Each structure stands twice: as C-alpha cells, then as structure tokens.
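> Here's my sequence, what's the structure:
(one chain, ligands or ions: 1)
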Amino acid sequence: MASSPSLPPSAPSAASDTGPWPKAELHLHIEGTLEPELAFALAERNGVTLPYATEDELRRAYSFADLQSFLNLYYALMAVLRTEDDFADLADAYLARAKEQGVRHAEIFFDPQAHTARGVPVGTVVDGLARALDRAQETYGISTRLIMCFLRDESAESALATFEAARPHLHRIAAVGLDSAEVGHPPAKFKEVFALAREAGLKCVAHAGEEGPAAYVWEALDVLGVDRIDHGVRCMEDERLVARLAAEQVPLTVCPLSNVRLRVIDDLADHPLPAMLDAGLLVTVNSDDPAYFGGYADDNFTAVRDALGFDAETLRTLARNSFRASFLDEATRERYLAEVDAHATGA
Ligand SMILES: [Zn+2]
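Numbers count the residues shown, from 1 in each chain. Predicted coordinates:
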C-alpha cells in the first residue's frame, strides 16, 4: 500500500519537544501489525471474503475479550496474506508507523508456520518482508533484523521441518524465536531445533514467563541457550532467577499494553516494570501485536510513563536498554545510544 492508515487519536506521546525517544523495538510480531484498513485492502486484492462487513465492524472485533478470541481473530485475518507483495505491504505499513513512534531499529518476528499451513511457502514470506526491510533504512531511517519464530503449540517435528524449509533463506534471518500459547509447551520441547539454529550462527530468543511459570525462563536459558527472553515478567516470582538475569544482564522484552489486554496484568498501574528496573534487570518496552493491543512502541512508552509515573531519566534508561538489548553491531549501537543521550539533553 502506498499510504498507511491514519492512527486513532491517542494521548500525547512520551516525547520531549524534540519528538519521541529514539528507540529499538525488539518484540514485534509483524502479523500483529495488520490494521483493519490494510486487512480489507489485501482481502479485496486477493479475492478473500472477510467475515466482517466493514472496517468499523472489524475494528470493533479488535476489542476482543480474552486470549482465545484474540487468537481466533489473529489467525482468521492471516488469510489475506498470500503473496510477496502482501508481506512487503504489511512490513512497510508497520515501518511507516514505527518511524512516527521514534523507532530507529526494529527486530521483527514472523511466524512461518502460520503461513505454510495455508500453503504460502516460507520463501514468499521472507522475500516479501525482506523487500520492505531492505528499503527501511533509506525510506524510514530504520535498521532492521528478522526473527523467525516457531509456534510452540505445534510439534517439535513441525519446527524442525520449518527450519529446514527456511535454510535457503537463513542469510536474511538474524535469530529464531518461540511464540504462541505458552502454558503446556515448555521451551525444552524445542531443544533440537534451537541447537540447529545456534550451529547455523543464529541468535536465539524465546517467549517465556508471560502466562507460563518462571521455570520456563530457566529452561529457555539453560536448555535453549537463548540470548534474550521475550516477556519474562513472571521471573519476579523467583528471586534466584531475578538475581541471575540481573547478573548476566539477560535482556527482557516486556510489552506493557499487551500484558493488560491479555490479562497477564489487571491494571497497568500494577505492572512489575518499576520493580524489574529496581532489581537491575535489562528491561525493554515493546508493543508485541500493536494493531490488536492498543498501541505501537511510543504508545507503550507513553502508557507506562502515565500509569507508573516514570520520569525522563527512567524513559531514557528504557530507550538506552532497547539498543543495549539489540543484536546490533557495537558501532551502530554506540551511535544510537549517543542519539538517545542527545535527545535527553535536548541537543
Ligand atoms: Zn509476543
């Protein structure tokens, strides 16, 4: 799509006069950025009939009540994603919004099995996304990485088959991850495919300790050898785990608005983010599935600022953490950190 849909009205951003904080987004599912406008446009292009008469009706469906109704909608809408062009347009629409939100670097998840299950080859997904990502630096001033996630509620064999199908495309992929319904699907189930990914020189991340227990975070670290934990908020239930995460500075990609929408946390004002920062954890703030969870990267910054009373120094720490936790090379990381510090001083 040439133009991205307009954002709904929101609170003033967590910005100074010089705009939103420069930040990296490290926990972002590209399929979770599909806004109703683009869903309808792609449905029309591909001759797919959506079970919603209008964009407004679909927008109302985004006010889902629980995890299952979210997942039902999420997977139903994926039917509109068929061609390389569709994936390129999806990523381009996200990048346009991310730029407005101060995102300078994005490490983007995709779920190949959600597409291969519908007959869309992994190469179509990767080539389409990569086409948009290749233009992102020039068009939006955003550097990017791709992270290929395995659906943990699918089998270990399916993850292995997915990894083998993706082998010709691994030069486009920086890391592998693990997502979808956590409880009952411990990280150890995917030991073999993560070992293959590490052998292939890829970084590793995994969703753990969101709805699942702190024990899953231990497993992700010790069995999968992950470089980063996605979510991880339930680590706070285990003092020894907190001490280890702090000592090793294992990054945690926390998603505050997502936590509230999926009822991991009842109220943003009760979010453990301040306690996590006080414990010395390398915490970052991210948007997860922003089309569905009520906000993009800076919307999350704004929400935690307002609900938790974060001052500029805390927001600066969160912005710095986002780059520290990224898979950027050192020189680029330092350049972005200098940009955060310049923003803090209003330079
Ligand atoms: Zn996620």
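> use CA for all of it now, contacts and neighbours both
Fine.
> in what helix or strand does Ala206 lie?
Counting by DSSP states H and E, the element that carries Ala206 is strand 203-208.
> Give me the buried positions along the next helix or strand along the chain from that strand.
Per DSSP H and E, the first helix or strand lying C-terminal to strand 203-208 is helix 214-222. Within helix 214-222, the residues that qualify as buried are 214-221, counting by 16 or more other CA atoms under 10 Å.
> which one among the residues you listed gets closest to Ala338?
Nearest to Ala338 among the buried residues of helix 214-222, counting by CA to CA, is Leu221 at 30.5 Å.
> Next, the contact list for the spatially closest residue to that closest one that is not a sequence neighbour, please.
Nearest non-adjacent residue to Leu221, counting by CA to CA, 6 or more residues apart in numbering: Asp227, 7.7 Å away. Asp227 sits next to 203-205, 221, 250-251 when contact means CA atoms under 8 Å, 6 or more residues apart in numbering.
> three-state assignment of Gly295?
coil (DSSP: H, G, I helix; E, B strand; the rest coil).
> one step back: parallel or antiparallel, which strands does the strand holding Ala206 pair with?
Strand 203-208 has the following strand partners under DSSP bridges: strand 175-179 (parallel), strand 228-231 (parallel).
> so of these, which one's packed in deepest?
strand 228-231 (a mean of 27; mean count of other CA atoms under 10 Å).
> For it, which outside residues touch it?
Residues from elsewhere that reach strand 228-231 (CA under 8 Å, 6+ apart): 27, 204-210, 217, 220, 250-255, 325.
> Go again with 6 Å.
Contacts with strand 228-231, where a contact means CA atoms under 6 Å, 6 or more residues apart in numbering, come from 205-207, 210, 250-254.
> Looking at these, which has the smallest pLDDT value?
Least confident of those in the model: Glu210, at 94.
> Counting neighbours, what do you get for that residue?
Applying other CA atoms under 10 Å, we find 25 residues neighbouring Glu210.
> Over to Ser155?
The tally of other residues near Ser155 (other CA under 10 Å) stands at 14.
> measure it to Tyr216 for me?
17 Å (CA to CA, to the nearest Å).
> Same check on Leu170?
For Leu170, the distance to Tyr216 - CA to CA - is 27 Å.
> got it, and Gln137?
Distance of Gln137 to Tyr216, given as CA to CA: 36 Å.
> which one's the longest helix in this structure?
Counting residues, the longest helix found in the chain (DSSP state H) is helix 122-140.
> Quick one: distance of the next helix or strand along the chain from it to the chain centre.
For helix 122-140, the succeeding helix or strand toward the C-terminus, using DSSP H and E, is strand 143-151. Remark: strand 143-151 is offset 9 Å from the chain centroid, using CA atoms, centre = their mean, to the nearest Å.
> Equivalent analysis for stretch 310-329, please.
16 Å.
> what residues does the strand or helix carrying Thr317 touch?
Element membership for Thr317, per DSSP H and E: helix 312-324. For helix 312-324, contacts defined as CA under 6 Å, 6+ apart pick out 23-24, 284, 337.
> average model confidence for stretch 221-237?
On average, stretch 221-237 scores 98.
> swap that for stretch 60-69, sorry
Stretch 60-69 comes out with an average pLDDT of 81.
> where does the chain have low pLDDT?
1-17, 347 (pLDDT under 70).
> now do 50
Counting by pLDDT under 50, the chain contains low-confidence ranges at 1-10.
> can you pull out the strands in it?
For the chain, the strands defined by DSSP state E cover 15-16, 19-20, 23-25, 103-110, 143-151, 175-179, 203-208, 228-231, 251-254, 282-285.
> Any chance of JSON lines for these, columns distance to Arg320?
Listed next are these as JSON lines, based on distance: least, CA to CA, whole Å:
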{"stretch": "strand 15-16", "distance to Arg320": "15"}
{"stretch": "strand 19-20", "distance to Arg320": "13"}
{"stretch": "strand 23-25", "distance to Arg320": "7"}
{"stretch": "strand 103-110", "distance to Arg320": "12"}
{"stretch": "strand 143-151", "distance to Arg320": "16"}
{"stretch": "strand 175-179", "distance to Arg320": "21"}
{"stretch": "strand 203-208", "distance to Arg320": "20"}
{"stretch": "strand 228-231", "distance to Arg320": "16"}
{"stretch": "strand 251-254", "distance to Arg320": "12"}
{"stretch": "strand 282-285", "distance to Arg320": "9"}
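> So for Tyr62, what's the nearest residue that isn't a sequence neighbour?
Spatially, and ignoring its direct neighbours in sequence, Tyr62 is nearest to Tyr292 (5.8 Å; CA to CA, 6+ apart).
> Going along the chain, name the helices of the stretch 51-200 of the chain.
In the stretch 51-200 of the chain, the helices defined using DSSP state H, counting those that start in this stretch lie at 55-61, 67-77, 84-100, 112-116, 122-140, 156-166, 191-199.
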